[in-house]
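S.K.: Here's a sequence, model it:
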Amino acid sequence: MKPPPGPSWRRAAILLGAGVVLLALPLQGQAAAGIPVGSPAPAVKVHDLDGNPVDLGQWIGRKPVLLEFWATWCDQCEQLLPRLQAAHEGFGGAVEFLAINVVVNQSPEKVRRYVIQHGVPGRVLYDDQAVSIRAYLAPATSFVVIIGKDGKVAYTGLGGEQDINAAINHTLGIT
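M.R.: Residues are numbered from 1 along each chain as shown. Below is the predicted model:
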């Protein structure tokens, strides 16, 4: 049987593929699979919760950027949340925090409610086309990428027990 033509079929296939990849590895800690440390950070465009395009290139190479690939149903993301909140409070102005929702079983309304109820730090983005997921080779939710001011990936980690403050300090050259 031939799949139906059109963008809705392609979008469903992309999201299904992203869901399989994102559920594959429930790992903890650092040096996660994904984009290799030292790689140039892709300056892709994703959407915000209102459907407006957001170019990650506006921050990459200007200041350190922390990306977290997350979902409202992700237990590891919920475990990681207090660490991200503390880091955002401590480094907020020096580091751009971007929470990229992976959109598997999500809607903008559900994400908005979660963000308000749980205090997700930084800008919340909605990757409804799985563009950043593919570009950063995100292996699962709770995947964190820190990009240095030089525009290169300085850290990747996966799971709820990542030491976000230490990773940011290392990226900033603070010992």
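S.K.: wouldn't Trp73 be in contact with Val103 here?
M.R.: No - if you go by CB atoms under 8 Å, Trp73 and Val103 don't touch, sitting 11.5 Å apart. C-beta: built from backbone N, CA, C; applies to glycine.
S.K.: The two - which one has more neighbours?
M.R.: Val103 (23 against 13; other CB atoms under 10 Å).
S.K.: Find the nearest non-adjacent residue to that one, please.
M.R.: Leaving out its chain neighbours, the residue that sits closest to Val103 by CB to CB, 6 or more residues apart in numbering is Asp128, at 5.0 Å.
S.K.: same question, Val131
M.R.: Val131's closest residue in space is Val44 (CB to CB, 6+ apart), at 4.9 Å.
S.K.: Same question for Gly148.
M.R.: Ala154 (4.2 Å).
S.K.: Going along the chain, name the helices of this structure.
M.R.: Along the chain, the segments classed as helices by DSSP state H run 7-22, 75-91, 108-118, 131-135, 164-172.
S.K.: Any buried residues in the fourth one, and which?
M.R.: Meaning helix 131-135. 131-135 (16 or more other CB atoms under 10 Å).
S.K.: What does the pLDDT read for the closest residue to Asp163 other than its chain neighbours?
M.R.: Nearest non-adjacent residue to Asp163, counting by CB to CB, 6+ apart: Arg83, 7.5 Å away. With respect to pLDDT, Arg83 has a value of 97.
S.K.: wait, Arg83 sits on Gln162?
M.R.: Yes - between Arg83 and Gln162 there is a contact under CB under 8 Å: 6.6 Å.
S.K.: Of the two, which one has the most company?
M.R.: Each of Arg83 and Gln162 has its neighbours counted (other CB under 10 Å); Gln162 has more, 26 against 17.
S.K.: Please report how far the more buried one lies from Phe69.
M.R.: Using CB to CB, to the nearest Å, Gln162 is found at 13 Å from Phe69.
S.K.: what's the answer for Leu137, then?
M.R.: 10 Å.
S.K.: higher neighbour count, those two?
M.R.: Taking neighbours as other CB under 10 Å, Leu137 and Phe69 compare with Phe69 leading, 28 against 17.
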